[in-house]
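> Predicted model follows, preceded by the sequence.
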Amino acid sequence: MKRRTRRDTETFSMSFLDCICCGFGAIILLLVLNEVGEPIQLEQAKVDLDGQIVRMEKEVFDIRGMALVLERELRARIEQLSEEQKRIARLRGDLSEIQGQHKASTDEEDMLKKVTDQLTSARRALIEETRELQGEGMKRVYNQPVAGVPIDSEYVIFIVDTSGSMQSQNWRYAEQKMEEVLNIYPRLKGIQVMDDEGGYMFTEYRGKWIPDSPARRRAILNRFRNWQAFSNSSPSEGIIAAVRTFWTREHPIGIYVFGDEFTGPSIQEVVDTVDRINRAAGTGERLVRIHALGFPIPGQYPQHTSMRYATLMRILCARNGGVFVGLPEGEAAARRSN
């Protein structure tokens, strides 16, 4: 009885050990199988991660490219905005200037009408004088040196238009008239020759009188023959410079203006300026006499600027104790042909 019980116990123990071994074997097998699958899964995970990294790097690259494009567009827009702001500033400046001009033109309308009326009256007077000068009785006067000119001056200043029209058409005629003017003054205390902008023919006598003598007179005419200087065909600058530089109470001065055109903007402005500087303070007496010779422009050239010169110098001479003489085309043409 005891022997069978022991045998049963041994049989049970062996069966239990077999079960335990099988269980451990299964566990080991599972572990082995699991260890074999993990590298594959890890490799697959690594591949997936590498792909994600590549995609993300590509996305980052694309984002950077888009950022550069946007940055360029932003800079371009900023530059465009700056240019537009500058343009707006310029337009505002132009608008302010136009508004100022409009206001000035409105203020000058009355003055313009007044000047226009004066010019119309002067033009009518000029036409009447031209008709008189074309008469036979007046033609003989032009053969005289300078008719009707007061010769009470002890100093003489010539203000000469040195423009191209004068030099090409009337220069020899002007030389002759300068000699004739000098001849009506047997003896002067001083002479000066300036262009219509106030420049000096003899620069070494700038601001000084040229002493009078027969030799000096010949030197003046010789230099005048080849004198060339820039001119704007407006005598106002020369007259102003002459009065301001040379007038004193001890010097009775006669100014002779030689010209054929006036191209300045305003006759009235020149008249007002000369009136202002050629009047003694307090008494209002004129400081110097102003005479003028008007040289003709050939008929094939426009006559408008010539008529403006004659109008201007007629007014200036009348207001400043002088004489205006308009010279005929026929005599000038004869001089040009010689």
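Yes, it's here. Every value quoted in this text rests on a predicted model; they were computed, and no experiment measured them.
> now the host helix or strand of C317: mean pLDDT?
Applying DSSP states H and E as the criterion places C317 in helix 304-319. Helix 304-319 shows a mean pLDDT of 89.
> Going along the chain from it, find the next helix or strand for me.
strand 324-326.
> if we can go back for a sec, how distant is the helix holding C317 from the center of its chain?
From the chain centre to the centre of helix 304-319 is a distance of 29 Å (C-alpha atoms, centre = their mean, to the nearest Å).
> List the buried residues for that helix?
Buried residues in helix 304-319, counting neighbours by 16 or more other C-beta atoms under 10 Å, are found at 305-317. Quick note: C-beta positions are derived from backbone N, CA and C, even for glycine.
> Same list (those) but as JSON lines, adding distance to V243.
JSON lines is the format used below for the buried residues of helix 304-319 (distance: C-beta to C-beta, whole Å):
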{"residue": "T305", "distance to V243": "24"}
{"residue": "S306", "distance to V243": "25"}
{"residue": "M307", "distance to V243": "26"}
{"residue": "R308", "distance to V243": "22"}
{"residue": "Y309", "distance to V243": "20"}
{"residue": "A310", "distance to V243": "22"}
{"residue": "T311", "distance to V243": "21"}
{"residue": "L312", "distance to V243": "16"}
{"residue": "M313", "distance to V243": "16"}
{"residue": "R314", "distance to V243": "19"}
{"residue": "I315", "distance to V243": "17"}
{"residue": "L316", "distance to V243": "12"}
{"residue": "C317", "distance to V243": "15"}
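> between these, which is nearest L17?
T305 (141.2 Å; C-beta to C-beta).
> if I read this right, that closest one contacts I267, doesn't it?
No - using C-beta atoms under 8 Å, T305 is not in contact with I267, being 11.4 Å away.
> how about the strands in the stretch 101-250 of the chain?
155-160, 190-195 (DSSP state E, counting those that start in this stretch).
> Just say which of those strands is most tucked in.
Of all these, strand 155-160 has the most neighbours on average by mean count of other C-beta atoms under 10 Å, namely a mean of 25.
> ok, residues contacting that strand?
166, 174, 178, 181-182, 185, 188-196, 209, 224, 235, 238-239, 242, 246, 251-259, 288 (C-beta atoms under 8 Å, 6 or more residues apart in numbering).
> who does that strand pair up with?
With DSSP bridges as the test, strand 155-160 is paired with strand 190-195 (parallel), strand 253-259 (parallel).
> I'd like those strands as TSV, with distance to A280 and mean pLDDT appended.
Below are these laid out as TSV (distance: least, C-beta to C-beta, whole Å; pLDDT from 0 to 100):
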stretch	distance to A280	mean pLDDT
strand 190-195	21	94
strand 253-259	13	94
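> need the strands of the stretch 101-250 of the chain in JSON lines with distance to V271, can you?
Below are these laid out as JSON lines (distance: least, C-beta to C-beta, whole Å):
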{"stretch": "strand 155-160", "distance to V271": "16"}
{"stretch": "strand 190-195", "distance to V271": "20"}
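> closest to K46 out of the ones you listed?
Nearest to K46, of all the strands of the stretch 101-250 of the chain, is strand 190-195, at 99.0 Å by C-beta to C-beta.
> Which residues does the closest one contact?
154-162, 182, 200-202, 205, 209-212, 216-217, 220, 223-224, 229-231, 238, 241-242, 246, 251.
> Could you tell me which of those are located in helices?
Members of the contacts of strand 190-195 lying in helices (criterion: DSSP state H): 182, 216-217, 220, 223-224, 238, 241-242, 246.
> PyMOL command to pick out the buried ones of those?
Only the buried entries of the ones in helices among the contacts of strand 190-195 go into this PyMOL selection, using 16+ other C-beta under 10 Å:
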select buried, resi 182+217+220+224+238+241+242+246
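> which of the ones in helices among the contacts of strand 190-195 lies closest to A45?
Closest to A45, out of all of these and judged by C-beta to C-beta, is A241, at 101.6 Å.
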